[in-house]
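A.B. asks: coords please:
(2 chains)
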Protein chains: 2
Amino acid sequence: MDLHAYLRERRDLLEAALERALPRVSDLPQRLHESIRYSVMAPGKRLRPILVMASAEAVGGSAEAVLPTACALECIHAFSLIHDDLPCMDDDDTRRGRPTNHKVFGEAMALLAGDALLALAFELVASNASAVAPDRLVSAVAMIARASGTWGMVGGQVMDIEAEGRPISGEWLQQIHARKTGALLTASSVVGALLAGGAEEQLERLREYGAHVGLAFQIADDILDVVGDEEKIGKPVGSDQKQDKATYPKLYGLERSLAMARTESTAAIAAVEPLGPSAEPLRAIAHYIVERDL
Amino acid sequence: MDLHAYLRERRDLLEAALERALPRVSDLPQRLHESIRYSVMAPGKRLRPILVMASAEAVGGSAEAVLPTACALECIHAFSLIHDDLPCMDDDDTRRGRPTNHKVFGEAMALLAGDALLALAFELVASNASAVAPDRLVSAVAMIARASGTWGMVGGQVMDIEAEGRPISGEWLQQIHARKTGALLTASSVVGALLAGGAEEQLERLREYGAHVGLAFQIADDILDVVGDEEKIGKPVGSDQKQDKATYPKLYGLERSLAMARTESTAAIAAVEPLGPSAEPLRAIAHYIVERDL
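C.D. replies: Take a look at the predicted model:
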């Protein structure tokens, strides 16, 4: 399959939907809405929303029918980036070559833009009621909320901060990443199929896919932070090391980390083999996540 | 009716439910969970969750059946207080006589505790699925999310910051408060009845009740900031004035502000007259909100 054409088409769908879903700058408070759009509409891979769409398609659903939830996942991702960049967190001045949100809009506005995006995400999931059975929407809300908060992204973020500057085990590193990035990627991989009416056995395959893809993605990200092209990764090479963050290359070396990422990617691909041809985009994404720039 | 006994009983119910709903300190990441509990379990009026319960009871439902959503509203309230107190916002060192969250746990942890609480709130609403029809849960999620984000609390917060130090009209002040505090109080007043199966006409009465109670509450709060007992209001008297915040006493004077608060309280009471005796707690709360310490 032509993965790049697939990604481009889904990205276009998503960005048009975001354009409609985000508060307009002409509505009050305008500065908040500018701040929200500045971060969400910045160029990005759109990995989480594309996983939502590909997951729906994998069980015979359509990308269009799950667009509000795809937008919600991108809002949650943007919220996490805005808060991560704040001075009390990673204190980053640039992201993907542009000034970070708080550098442009100030800290208070960046904080509140993140807060508003997290709330908006759940409004969007709940807005899908005409296309999806309500019991499935309720499950989607529960799944996404759990993956965003202390049992997922936020909890993993705290564990990552607590690990800075300390020696940690491989098992511990995997725990951190499973929550910090894995939980939301897993939710993205499952929720599309959940909304599209997938059977429990299919959702289980996608859960396994998401866990492996999440880990593959994080290991690849750690590797790119060491060897990547600054322009492509959108942050200075070596920033993890500067902050003394726990990473795979630090713990296992580059070569072994790459082998681990490939093992996870292969496991992700195998997990959705039973879903047949409709899961081909998911398999191509799992492959691409590791091979993109390595 | 004995309002104080009513409030005490509902508060006890709520606090026992919060104790079960919040992440345990023994679970990782422990420091995050300590931070969350420090703020949520701090003594408070519990106005929003009590409104949720009283709203359910007003249409013949039970307080117990809506407890997860009552907890969710308190989590959202706690999230907003933690973020409001941060140095980049109001930069407050104490709240209700105790050090603010970031003073105890640091800014990064306070930021993340707030984020985790907002996510947890939606997990809690969605967790109510055994007791409530799923289409009503989906509406509850949408209503609470909308009241929390840019169309409600967060948007009002931004408008409040933007108004600092500027002369503003009475209409504008009301707009700010309708979003900053009114939206979440209105959602609290409606969502209990929504979950308990209330009819559209009943929900409409409660919407009107919530809008008036929200405004009455805010005006009373502004008045207490000028004339209140520091120990009871939990913050230094005169802190709004210090920050040059837009308030009712500043715009209308104390006497006229008090008359306005009483007018709103009376309108709130009238709005739920058609609901009969089961709405008596709601009426007593509307009265109490204005007369508590004045």
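A.B. asks: when you work out contacts or count neighbours from here on, use the C-alpha atoms and nothing else.
C.D. replies: Noted.
A.B. asks: can you list the residues of the stretch 151-294 of chain A near chain B?
C.D. replies: Proximity of the stretch 151-294 of chain A to chain B (C-alpha under 8 Å from any C-alpha of the partner chain) is limited to residues A:154-155, A:158-159.
A.B. asks: pull the contacting residues for A:Ala246.
C.D. replies: Residues near A:Ala246 by C-alpha atoms under 8 Å, 6 or more residues apart in numbering or on different chains: A:160, A:163-168, A:173, A:240.
A.B. asks: kindly reformat the residues you listed as JSON lines containing neighbour count and secondary structure.
C.D. replies: Output for the contacts of A:Ala246, formatted as JSON lines (neighbours: other C-alpha atoms under 10 Å in any protein chain shown; DSSP: H, G, I helix; E, B strand; the rest coil):
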{"residue": "A:Asp160", "neighbour count": "20", "secondary structure": "helix"}
{"residue": "A:Ala163", "neighbour count": "17", "secondary structure": "helix"}
{"residue": "A:Glu164", "neighbour count": "15", "secondary structure": "coil"}
{"residue": "A:Gly165", "neighbour count": "12", "secondary structure": "coil"}
{"residue": "A:Arg166", "neighbour count": "10", "secondary structure": "coil"}
{"residue": "A:Pro167", "neighbour count": "11", "secondary structure": "coil"}
{"residue": "A:Ile168", "neighbour count": "13", "secondary structure": "coil"}
{"residue": "A:Leu173", "neighbour count": "17", "secondary structure": "helix"}
{"residue": "A:Asp240", "neighbour count": "16", "secondary structure": "helix"}
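A.B. asks: chain B: which of the residues you listed is nearest?
C.D. replies: A:Asp160 (10.0 Å; C-alpha to the nearest C-alpha).
A.B. asks: what sits closest to the closest one if chain neighbours are left out?
C.D. replies: A:Ile176 (6.2 Å; C-alpha to C-alpha, 6 or more residues apart in numbering or on different chains).
A.B. asks: Three-state assignment for the one you found, please.
C.D. replies: Here A:Ile176 is helix, with the state taken from DSSP: H, G, I helix; E, B strand; the rest coil.
A.B. asks: return the residues in contact with it.
C.D. replies: A:156-157, A:159-160.
A.B. asks: against B:Glu64, how distant is the nearest residue to A:Ala116 once chain neighbours are set aside?
C.D. replies: Of all residues not flanking A:Ala116 in the chain, B:Gly149 sits nearest, at 4.4 Å (C-alpha to C-alpha, 6+ apart). According to C-alpha to C-alpha, to the nearest Å, B:Gly149 and B:Glu64 sit 27 Å apart.
A.B. asks: okay, the two: which has more neighbours?
C.D. replies: The neighbour count for B:Gly149 versus B:Glu64, taken as other C-alpha atoms under 10 Å in any protein chain shown, is higher for B:Gly149 (29 against 16).
A.B. asks: next up, the contacts around the more buried one.
C.D. replies: Applying C-alpha under 8 Å, 6+ apart, the residues contacting B:Gly149 are A:115-120, B:155.
A.B. asks: before we move on, the earlier item: which of the contacts of A:Ile176 lies closest to chain B?
C.D. replies: Nearest member of the contacts of A:Ile176 to chain B, counting by C-alpha to the nearest C-alpha, is A:Met159, at 6.2 Å.
A.B. asks: can you report phi and psi for the closest one?
C.D. replies: phi -60, psi -30 (degrees, to the nearest 10).
A.B. asks: so it touches B:Asp27, yeah?
C.D. replies: No. A:Met159 lies out of contact with B:Asp27 (C-alpha atoms under 8 Å); the separation is 11.9 Å.
A.B. asks: so between the two, which is more surrounded?
C.D. replies: When neighbours are counted by other C-alpha under 10 Å, A:Met159 comes out ahead of the other of A:Met159 and B:Asp27, with 23 against 12.
A.B. asks: one step back: pLDDT value on the residue nearest to A:Asp160, please?
C.D. replies: For A:Ile176, the model assigns a pLDDT of 95.
A.B. asks: what's the answer for A:Ser130, then?
C.D. replies: For A:Ser130, the predicted pLDDT is 82.
A.B. asks: the host helix or strand of A:Glu123 packs against which elements?
C.D. replies: A:Glu123 is part of helix A:107-126, with elements assigned from DSSP states H and E. Judged by 3 or more C-alpha pairs under 8 Å, 6 or more residues apart in numbering or on different chains; DSSP states H and E, helix A:107-126 is in contact with helix A:30-40, helix A:67-85, helix A:101-105, helix A:134-148, helix B:107-126, helix B:134-148, helix B:153-163.
A.B. asks: tell me which residues in the third one are buried?
C.D. replies: Of the residues in helix A:101-105, those with enough neighbours to count as buried (16 or more other C-alpha atoms under 10 Å in any protein chain shown) are A:101-103, A:105.
A.B. asks: ok, now stretch A:271-291?
C.D. replies: Quick answer for stretch A:271-291 (16+ other C-alpha under 10 Å): A:271-273, A:275, A:278-290.
A.B. asks: centre-most residue in chain A?
C.D. replies: Residue closest to the average C-alpha location in chain A (C-alpha atoms, centre = their mean): A:Arg48, at 4.2 Å.
A.B. asks: with adjacent residues omitted, what lies nearest to it?
C.D. replies: A:Ser188 (5.6 Å).
A.B. asks: from the chain's centre, how far out does the helix or strand where that neighbour lies sit?
C.D. replies: Per DSSP H and E, A:Ser188 falls inside helix A:183-195. Offset of helix A:183-195 from its chain centre (C-alpha atoms, centre = their mean, to the nearest Å): 10 Å.
A.B. asks: okay, angle between it and helix A:153-163 too, please.
C.D. replies: 170 degrees (axes from the mean of the first three to the mean of the last three C-alpha atoms, to 10 degrees).
A.B. asks: which strands or helices does helix A:183-195 pack on?
C.D. replies: helix A:47-58, helix A:67-85, helix A:134-148, helix A:200-227.
A.B. asks: pLDDT of the last one, averaged?
C.D. replies: Right, the one you point to is helix A:200-227. Per-residue scores along helix A:200-227 average to 95.
A.B. asks: swap in the shortest one?
C.D. replies: Per-residue pLDDT values over helix A:47-58 give a mean of 98.
A.B. asks: mind checking how far the residue nearest to A:Arg48 is from chain B?
C.D. replies: Using C-alpha to the nearest C-alpha, to the nearest Å, one gets 16 Å for the distance from A:Ser188 to chain B.
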